[in-house]
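Enquirer: What follows is a predicted protein model with its sequence.
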Amino acid sequence: MNALRDAFFALHHGLPRQGPGSDATTRRLLALAGPLPERPRVLDLGCGPGRSALLLAAEAGADVTAVDLHEPFLAGLRSAAADRGLTDRVRTLRADMGALGELPDASFDLVWAESSVFVLGFDRALAEWRRLLAPGGTLVLTECVWTTEEPGPEARAFWADAYPLRTVSDNAAAAVGAGYHVLGTVPQPEGDWDEYYGPLARHADAADTTVPGMAEAVAAARAEIALRREHSADYGYTGFVLRPADPRWTVREETADDVPRVREINAAAFPTPGESALVDALRADPNAWLPGLSYVAEAPDGTVAAYALITRCHVDGAPAAALAPVAVAPAYQRTGAGQAVVRAVLDAARLRGERLVLVLGHPEYYPRFGFVRASAYGIKPAFEVPDDAMMALLLDGSGPVTRGTISYPAAFGV
């Protein structure tokens, strides 16, 4: 076993990455994490040779603590950091990512793990790494997932032995169940696999298979590369950007007992009674109402403090979802209740399988949830509004988006 382990590390020595990835994907994940402090504290777990650590230090201005058990990876990272003038930004720590007791609670703004979470498993990582995040901190990780509901038998057999895979939606549900909000997911392109497997294949071709364990290591690498080449439609890597839910608020699906309070909140939060009437009309429209997407946030004393609703709309005839209204009781405005309920209802929409959410709202508020101008997707309302006020959020981060004009339920009166 030691010979095979040594051969594995010898085969992988000098690779730019130890798993599928790219600088472009790292940047996309970083963008989804949202605004960071001026000098964010980043923990890069299973850093390998440190490609992500170097980018985060250089481009996000981060102070990076890079963790790995393989000292040659850490030595190479220290050398690369020195070459780039980043010695004061990158600190290495030889440690087991599953035994981080020496690191204090709430000590990092960003916990990062590209192509390494499999060492612990997705669920264990979410449970154990959460304590390391400072308030408002974000967990970013990439994970291998099934990309079809019916993967072929060869792919199933390989991953049954190697690592149990789940779908993106299964992992998103696990994250929400563990107390996180899903800020976004990033399906990694085939080029990310090429950046890993291309150099690995060249190393395999040049390897000395007379070295103990090397023939087995090379055979395993080639089998993995061949599986990917032949079954790439069955599985892939996806990035997950997660943030622990604000513990001050209990968010949940609305019940029948909440309806009067929801009316009160909408009446108090808006200058006319139109929003309360809108919600009642949407409840009565089976073509508009989406079960499970009417959410409330409770204050610590159990008072319903905020409300958010997602209903069915269409873009050029294709189903989409409309976020409206969002209302916060006056006593709880600017306390985080609105953000909590919006994130919760967006999570529920994601888990329900919705892909596209549209909102007409304040352009300085909704981008914090990942919304961008709808016009960037070729989507527009049937009435005149400022371009930056009509926004869209693609929940699954992949696939084409239908272009065209938004059709709202009749209750909206537009």
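Expert: Nice, I can see it.

Enquirer: which residues sit against the helix or strand encompassing residue 27?
Expert: Secondary-structure assignment from DSSP states H and E places residue 27 in helix 23-32. Taking C-beta atoms under 8 Å, 6 or more residues apart in numbering as the criterion, the residues outside helix 23-32 that touch it are 51-52, 55-56, 59-60, 114, 140, 142, 183-184, 186, 188-189, 192, 239, 241, 370. Quick note: C-beta positions are derived from backbone N, CA and C, even for glycine.

Enquirer: 10 Å instead?
Expert: Outside helix 23-32, the residues that touch it by C-beta atoms under 10 Å, 6 or more residues apart in numbering are 21-22, 36, 40, 42, 51-56, 59-60, 62, 110, 112, 114, 138, 140-142, 182-189, 191-192, 195, 237, 239-242, 370, 397.

Enquirer: next one: stretch 196-208
Expert: For stretch 196-208, the external contacting residues (C-beta under 10 Å, 6+ apart) are 7, 10-22, 115, 191, 194, 214-215, 217-222, 224-225, 228-229, 237.

Enquirer: Report the buried residues of it.
Expert: Across stretch 196-208, burial judged by 16 or more other C-beta atoms under 10 Å covers 196, 197, 200, 203, 204, 207.

Enquirer: export it as CSV, just CAs?
Expert: Presented in CSV, the C-alpha positions along stretch 196-208 are these (Å, rounded to 0.1, in the frame of the first residue of the first chain):
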residue,chain,number,x,y,z
TYR,A,196,-6.6,18.1,-15.0
TYR,A,197,-6.6,15.0,-17.2
GLY,A,198,-4.4,16.4,-20.0
PRO,A,199,-1.3,16.9,-17.8
LEU,A,200,-2.1,13.7,-15.9
ALA,A,201,-2.2,11.7,-19.1
ARG,A,202,1.2,13.1,-20.2
HIS,A,203,2.6,12.1,-16.8
ALA,A,204,1.2,8.6,-17.2
ASP,A,205,2.8,8.2,-20.6
ALA,A,206,6.2,9.3,-19.2
ALA,A,207,6.1,7.3,-16.0
ASP,A,208,8.6,4.6,-15.2
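
Enquirer: If you average the pLDDT over that stretch, what comes out?
Expert: Per-region confidence: stretch 196-208 scores 96 on mean pLDDT.

Enquirer: sorry, back to before: what's the first helix or strand after the helix holding residue 27?
Expert: With DSSP H and E setting the assignment, the helix or strand that follows helix 23-32 is strand 41-45.

Enquirer: any weak-confidence spans in the stretch 1-150 of the chain?
Expert: Confidence mapping of the stretch 1-150 of the chain against pLDDT under 70 gives the ranges 1.

Enquirer: Any of the contacts of helix 23-32 buried? List them.
Expert: Neighbour-count burial (16+ other C-beta under 10 Å) is assigned, among the contacts of helix 23-32, to 21-22, 36, 40, 42, 51-56, 60, 62, 110, 112, 114, 138, 140-142, 182-189, 192, 195, 237, 239-242, 370, 397.

Enquirer: Checking the residue nearest to residue 50 when sequence neighbours are not counted next. Helix, strand or coil?
Expert: When the adjacent residues along the chain are set aside, residue 50 lies closest to residue 77, with 3.4 Å between them (C-beta to C-beta, 6 or more residues apart in numbering). In terms of secondary structure, residue 77 is helix; the call rests on DSSP: H, G, I helix; E, B strand; the rest coil.
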